[in-house]
Structures are given as structure tokens and as C-alpha cells.
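*Asks:* Below are the sequence and a predicted model for it; my questions follow.
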Amino acid sequence: MKIYTLHRKQNLPITKEKAWEFLSSPSNLKTITPDYMSFDIISGGDRPMYPGQIIQYIVTPIMGIKTKWVTEITHVQEGHYFVDEQRFGPYALWHHKHFIKQIEGGVEMEDIIDYKVPLGILGQIAHPLIVKPKLEEIFNYRNKKLIEIFGDFKKNE
């Protein structure tokens with residue numbers, strides 16, 4: 001059983017409070033997800049984040065195939081971090097940790113995603129060809145979108 005990890009850090013020139021307000025609101029996920037994925041929250045995104053929250057989405061990650069994705073917010077330390085875990089969806093395992101840390105001039109946001117692709121050896125073959133590049137593309141988009149919304153940390157140093 002192969003478990004993969006995607007690790008990203010991004011610095012933004014905003015307060016920790018502003019970062020938390022944006023990232024902990026499920027409704028903002030659509031804003032930082034590529035449009036082609038047709039990301040829509042079906043239920044559970046209408047309240048501020050809390051442990052035990054179940055959020056259901058419909059996404060179209062590849063080839064126009066709509067997929068239902070259900071995640072649970074399993075841990076929340078307000079202003080510092082939260083964890084979402086897939087309960088139903090395209091991965092055999094999805095465990096996504098979001099950290100926010102105050103740094104000089106803004107915040108450092110860190111994402112650590114541990115995931116396992118389904119379909120055994122076929123999934124392992126598909127990982128470097130389809131899955132990993134798609135995840136990289138999604139998180140690159142997220143990075144650019146957050147800079148559009150909040151500004152570029154490098155320009156504000």
C-alpha cells in the first residue's frame with residue numbers, strides 16, 4: 001500500500017485572522033478551485049468550520065466525469081490549523097492538514113496531504129501520469145488565486 005504526500009507552503013501578506021477567516025469557510029473552496037472542476041458544495045458548507053462537520057461536494061476532476069466527494073472536518077484549532085479527511089470520494093485515503101502560522105509581514109500557510117490512490121497497481125501506474133500532475137495543477141491554481149485575492153508576499157517585503 002503506497003501512500004503519497006503533497007506538501008505546499010505559501011506566504012501571504014495578511015493577518016492570521018484574515019487567513020483563518022478565509023480558509024476556514026467552506027464556501028471559499030469554490031473560489032480557489034479551477035473553474036473546469038465545476039466544484040459545488042451540496043451540503044454542510046453553510047456554517048463556520050467545526051470538528052465533525054460533514055461537507056458534500058460534486059467535482060469534475062478529469063474528463064468531465066462528475067464525482068461526489070464527502071469530507072469530514074476532524075480537527076480544528078481555531079486560528080492555527082484544521083484537518084479534513086475524505087469519507088467518500090475518488091481516493092482510497094485523503095488526509096489534508098491546513099496550518100496557518102504568523103510570520104514577519106504576514107502568514108505562512110502550509111498544506112500537507114497524505115493520500116492513496118485506488119485500484120492497486122493500476123492506481124500506482126496512474127499516479128505519476130494523471131493523479132500527481134492533476135494535484136500539482138490544482139494547488140498551483142490555488143497558490144495563484146490566493147495571490148490574486150490577498151497580494152504577493154514578495155512584493156510586500
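*Replies:* Received the coordinates, thanks.

*Asks:* And the contacts of the lowest-mean-pLDDT helix or strand in the chain?
*Replies:* When the helices and strands of the chain are scored by mean pLDDT, DSSP states H and E, helix 120-126 comes last with a mean of 92. With Cβ atoms under 8 Å, 6 or more residues apart in numbering as the test, helix 120-126 has contacts from 2, 92, 116-117, 119, 131. To be clear about C-beta, it is placed using only N, CA and C from the backbone, and glycine gets the same treatment.

*Asks:* Going through those residues, which ones are buried?
*Replies:* The neighbour count (16 or more other Cβ atoms under 10 Å) marks 92, 116-117, 131 as buried among the contacts of helix 120-126.

*Asks:* If Tyr115 is in a bridge, with which residues?
*Replies:* Counting by DSSP bridges, Tyr115 is bridged to Tyr4, Trp94.

*Asks:* Tell me if I'm right that it and Ile3 touch.
*Replies:* Yes: Tyr115 lies in contact with Ile3 (Cβ atoms under 8 Å); the separation is 7.1 Å.

*Asks:* before we move on, back to that, ok, so of the contacts of helix 120-126, who is nearest Gly64?
*Replies:* Val131 (17.2 Å; Cβ to Cβ).

*Asks:* Now do stretch 22-32: distance from first to last residue.
*Replies:* 11 Å (Cα to Cα, to the nearest Å).

*Asks:* Could you check how far that stretch is from the centre of its chain?
*Replies:* Centre-to-centre, stretch 22-32 and its host chain are 9 Å apart (Cα atoms, centre = their mean, to the nearest Å).

*Asks:* buried set for the least confident helix or strand of the chain?
*Replies:* Residues of helix 120-126 classed as buried: Gly123 (neighbour count, 16+ other Cβ under 10 Å).

*Asks:* mind putting the buried ones among the contacts of helix 120-126 in JSON lines, secondary structure included?
*Replies:* Output for the buried ones among the contacts of helix 120-126, formatted as JSON lines (DSSP: H, G, I helix; E, B strand; the rest coil):
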{"residue": "Ala92", "secondary structure": "coil"}
{"residue": "Lys116", "secondary structure": "strand"}
{"residue": "Val117", "secondary structure": "coil"}
{"residue": "Val131", "secondary structure": "helix"}
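
*Asks:* State the pair within those residues that is farthest apart.
*Replies:* The distance between the two most remote of the buried ones among the contacts of helix 120-126 (Cβ to Cβ) is 11.1 Å, for Ala92 and Val131.

*Asks:* shared neighbours, those two?
*Replies:* Common contacts of Ala92 and Val131 (Cβ under 8 Å, 6+ apart): 117, 123.
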